[in-house]
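**Q** Turn this into a structure:
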Amino acid sequence: MTPSCLIIMKNNPSLEMALKVIRDHLPVLRSENILLNQALGRVCSASLYASESYPSFSQSNRDGYAVGKTPFGKTKDGLEYRLDAEIAAGDIQIRRNRPGFAHRIMTGAPVPRGVWKVIPQEMCRERKGGVFIAEQTLLAAASHIQKRGSSLRRGALLLRDGACLGPAHLARLADSGYVQLQVYQRPKVAFFCTGSELVDNPARQSRGQKISSNRYLLAALIHGFGGRGDDCGAVRDQREALEKHLTRVEDGNSDIIISTGGMGPGRYDLMEETFTRCGGKIIFSSLKLRPGKSVLFGIIGNSLYFGLPGPPQAVQALFHVLIRPALLAMQGLVQWKTAARAYLKEEMMVRKPGVLKLQEAVLSEERGVVMVRPAGGKETGNCYLFCPAARKRLKKDELATVLPLTPPSFLSS
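**A** Coordinates of the predicted model:
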């Protein structure tokens, strides 16, 4: 992306405006061919059509007898057919049903030419090389034959461009003869944490230092929403070290670069300065959102850049509202539903209203109704509750907007 394409807006945009400008700067989607058994959770980059009819041959839906319209004879035991061969599932021999004869046939086996119906075995009596069927039973019985192409005709549309491949899709594509297919590539996301106090190993932790937990958090979030994470470690709060590190990360040609920490107004908060010194172009540097006062979005080289604050709670919240939609869109999931609606389980007072707030919350279903309440104490929430800027109090049973945090189980496979 060239600098002339940039939309610079450092004026504390709303979340809605920030998401729009992020979408406007997303790179062109790239695609790749992969094997069908690797396609779970991937997104089709081209519409897929049936290369074969399904089923590819007419087959029996029941264990029984394949018969024609003309019986061998009529007896007191019913219409008689003489027995020919037995046909099991997987039989590849081409057969024809002769008038007056029947084939013993199994479920899924190919139906011979000239067969009218398959009569289930419990409706027939086999004796002395023949099978006997009551005339009324024969006339009233269903055919129990699944015709060639009855489920899917060759050339029929299977999946449209942008469809996320689930388990049932893979089975359907296999039935239609697909071995490989074209999908959108997974975005490569490089991430690193800043802070002279950060260490990786508890064994090397001294007083005043802490574990770089954001690395674990980001690795899981990126993987969970389909990205390919590249953990670039931690770096101390020192200008030269930060510049060298960011330059090294940029050289990795990632689609997205994320940093955590160093985004405040303090003496050692150097990431915005480092970003611009390394040639980065800032698009916005704060949001009308809590958390969001200290967040940066820009372009560096060919990568989108997100500078996030240091607290893990803020990293998680901003990842979900800013980076997650970009990750999904870069995989072709432009119509992916994110926000939902739920009823407040209890009244809620909003601290410091005046700006949109993300409140970690717990989503549950009670008697078929989706409910939400704020997460308490050290409780881990499973969604974010959007608290409108103008509201000081949210009422019990009020319908609220929430953002569930759990990705589809197959998206990160």
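
**Q** CA atoms of stretch 396-408 as PDB?
**A** Provided in PDB are the C-alpha atoms of stretch 396-408 (Å, rounded to 0.1, in the frame of the first residue of the first chain):
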ATOM      1  CA  LYS A 396     -32.500  -5.000  34.200                       C
ATOM      2  CA  ASP A 397     -34.200  -6.800  31.200                       C
ATOM      3  CA  GLU A 398     -33.000  -4.100  28.800                       C
ATOM      4  CA  LEU A 399     -31.800  -5.400  25.400                       C
ATOM      5  CA  ALA A 400     -28.100  -4.800  25.100                       C
ATOM      6  CA  THR A 401     -25.400  -5.300  22.400                       C
ATOM      7  CA  VAL A 402     -22.800  -7.900  23.200                       C
ATOM      8  CA  LEU A 403     -19.700  -9.300  21.400                       C
ATOM      9  CA  PRO A 404     -19.200 -13.100  22.100                       C
ATOM     10  CA  LEU A 405     -15.600 -14.000  22.400                       C
ATOM     11  CA  THR A 406     -15.500 -17.700  21.400                       C
ATOM     12  CA  PRO A 407     -14.600 -18.400  17.800                       C
ATOM     13  CA  PRO A 408     -16.100 -21.300  15.900                       C
END
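
**Q** which residues are in contact with that stretch?
**A** The contact list for stretch 396-408 (C-beta atoms under 8 Å, 6 or more residues apart in numbering) reads 41, 164, 166, 224-226, 320-321, 338-347, 358, 361, 363, 372, 381-386, 394. C-betas here are computed from N, CA, C, even on glycine.

**Q** where in the stretch 1-150 of the chain is pLDDT low?
**A** For the stretch 1-150 of the chain, the stretches flagged by pLDDT under 70 are 1-10.

**Q** Now do the helices in it.
**A** Remark: helices assigned in the stretch 1-150 of the chain by DSSP state H, counting those that start in this stretch are 15-24, 135-140.

**Q** got a markdown table for these, with distance to K210 and mean neighbour count too?
**A** Shown next, in a markdown table, are these (distance: least, C-beta to C-beta, whole Å; neighbours: other C-beta atoms under 10 Å):
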| stretch | distance to K210 | mean neighbour count |
| --- | --- | --- |
| helix 15-24 | 30 | 15 |
| helix 135-140 | 78 | 12 |
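
**Q** ok, now how distant is M106 from L399?
**A** To L399, M106 is 55 Å away according to C-beta to C-beta, to the nearest Å.

**Q** Just want to know which of the two has more residues nearby.
**A** A count of neighbours by other C-beta atoms under 10 Å puts M106 above the other of M106 and L399, at 17 against 10.

**Q** okay but N97 is in contact with P110, surely?
**A** No - with contact defined as C-beta atoms under 8 Å, N97 does not reach P110; the gap is 11.7 Å.
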